[in-house]
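Peer 1: 3D, please:
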Amino acid sequence: MKFASKTALVSMFMLAGSASMVQAAPSAGHGTVTFEGSIIEAACSISPESVDQTVGLGQVAKSQLDEGGTSAPKTFYIKLVGCDTTTLKSVTTTFTGAESSTVPGALGIVGTANGAGIMMTDGAGAAVVLGTPTSKTTLGSPNTNLQFGAFLKGAAAEDAVVPGEFTAITNFSLAYQ
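Peer 2: As a prediction, the model looks like this:
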């Protein structure tokens, strides 16, 4: 009996030692996955890549923006998916953000660049007015792509455009009819 208890005791120590060796093994990598979102009362879902997106306007020469000049427009989309058009048939989009202090009607930029703002257009080419709903877009079933354009516009004053890096943020909200 004494031999059996010693064997059991030795086995327990070996098992405990091997368990700690498994825990001490180096990690081959680890991380965290966070899932987030929201459930909305709407005719369509907003595609994940459209919720938070970045539109690159590129490197624009100062000379192109001088005295109210503009850059080439860049198209971007808000993709709506899983649309139910049973009762709601159209949508408007309202963009908000800080207006430029140097370019009336434009979205203001921040950074080392100055003297320009970002103008936006809807899919028909009409100017987007900050804080005002766009024209109605008819919803498709099951998906609808809302098309917009964005471009830089320089201030009208001579030598107002200052080269540098910039960013600008606009929020959008949708209203279904």
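Peer 1: so residue 149 bridges to which residues?
Peer 2: residue 75, residue 121 (DSSP bridges).
Peer 1: residues contacting residue 48?
Peer 2: Under the criterion of Cβ atoms under 8 Å, 6 or more residues apart in numbering, the neighbours of residue 48 are residue 37. Where C-beta positions appear, they are placed from N, C-alpha and C, glycine not excepted.
Peer 1: Phi, psi for it please.
Peer 2: With angles defined as degrees, to the nearest 10, residue 48 shows backbone torsions of phi -50, psi -40.
Peer 1: and stretch 55-73, average pLDDT?
Peer 2: Mean pLDDT, stretch 55-73: 96.
Peer 1: So for that stretch, what gets flagged as buried?
Peer 2: Of the residues in stretch 55-73, those with enough neighbours to count as buried (16 or more other Cβ atoms under 10 Å) are 57, 60, 62, 65, 66, 69, 71, 73.
Peer 1: of all those residues, which comes closest to residue 166?
Peer 2: Residue 166 lies nearest to residue 57 out of the buried residues of stretch 55-73, by Cβ to Cβ, at 8.7 Å.
Peer 1: got TSV for the buried residues of stretch 55-73, with distance to residue 100 and secondary structure too?
Peer 2: Compiled in TSV, the buried residues of stretch 55-73 are given as follows (distance: Cβ to Cβ, whole Å; DSSP: H, G, I helix; E, B strand; the rest coil):
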residue	distance to residue 100	secondary structure
57	14	coil
60	15	coil
62	16	helix
65	12	helix
66	16	helix
69	15	coil
71	14	coil
73	17	coil
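Peer 1: Export those residues as JSON lines, with columns for distance to residue 95.
Peer 2: Formatted as JSON lines, the buried residues of stretch 55-73 follow (distance: Cβ to Cβ, whole Å):
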{"residue": "57", "distance to residue 95": "16"}
{"residue": "60", "distance to residue 95": "21"}
{"residue": "62", "distance to residue 95": "26"}
{"residue": "65", "distance to residue 95": "21"}
{"residue": "66", "distance to residue 95": "26"}
{"residue": "69", "distance to residue 95": "23"}
{"residue": "71", "distance to residue 95": "18"}
{"residue": "73", "distance to residue 95": "15"}
